[in-house]
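**Student:** Give me a model of this one.
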Amino acid sequence: MKNGKSMFTAVLLAAFAAGCAQMKPRSSGVRAVEPAAAAALASDPAVLIVDVADANAYLGGHLARALSIPRDQLRFRLREIPSAPSQRVLVYDEEGRRAHSAAVLIEDETGDPVFVLTGGLRAWKRAGLPIGSRGASYVLN
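**Tutor:** Numbering: from 1, shown residues only. The predicted model follows:
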């Protein structure tokens with residue numbers, strides 16, 4: 001009986017190990033980009049720009065064409081982010097603190113290549129890059 005139990009345990013452990021060997025942790029394909037590279041992305045009308053800062057920060061200034069989806073609402077509003085075979089997404093917030101986790105969520109949901117603006121809107125402004133109209137909003141229909 002003891003020998004049978006040992007054999008069962010050995011087979012179970014071998015099966016578990018084989019299953020674990022096949023599981024690969026998903027590494028995020030989210031890429032951080034400096035403001036100059038982000039500006040090049042943002043100039044492409046096919047790139048979707050998502051501002052994950054809170055609504056007040058968005059109203060205070062944002063990248064042109066940016067869709068405002070605050071990070072705390074993103075999980076519930078992912079359907080607002082269209083996915084297309086050649087879709088790319090640029091994500092940012094005020095300082096870059098919330099943008100990476102938002103970008104990972106968007107990438108996981110859409111499978112699209114996602115880029116994060118390093119340093120957020122603050123770095124964008126320091127680089128002397130233009131911001132969109134204050135108070136204007138961009139909403140997908």
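
**Student:** Please name the residues that touch the residue positioned nearest the centre of the chain.
**Tutor:** Per Cα atoms, centre = their mean, the C-alpha nearest to the average position across the chain is that of A103, at 0.8 Å. The contact partners of A103, by Cβ atoms under 8 Å, 6 or more residues apart in numbering, come to 28, 30, 89, 91, 114-116. The C-beta positions use only the backbone N, C-alpha and C, and glycine is treated the same way.

**Student:** what helix or strand is it on?
**Tutor:** Using DSSP states H and E, A103 falls within helix 99-110.

**Student:** thinking again about what came up before, and the contacts of A103, which two are the farthest apart?
**Tutor:** Farthest apart among these by Cβ to Cβ are S28 and V89. That separation is 13.2 Å.

**Student:** These two: which has the busier surroundings?
**Tutor:** V89 (24 against 12; other Cβ atoms under 10 Å).

**Student:** do you know how far the more buried one is from P82?
**Tutor:** Look at V89 and P82: by Cβ to Cβ, to the nearest Å, they are 10 Å apart.

**Student:** list residues touching both of these two?
**Tutor:** With contacts defined as Cβ under 8 Å, 6+ apart, the residues adjacent to both V89 and P82 are L48.
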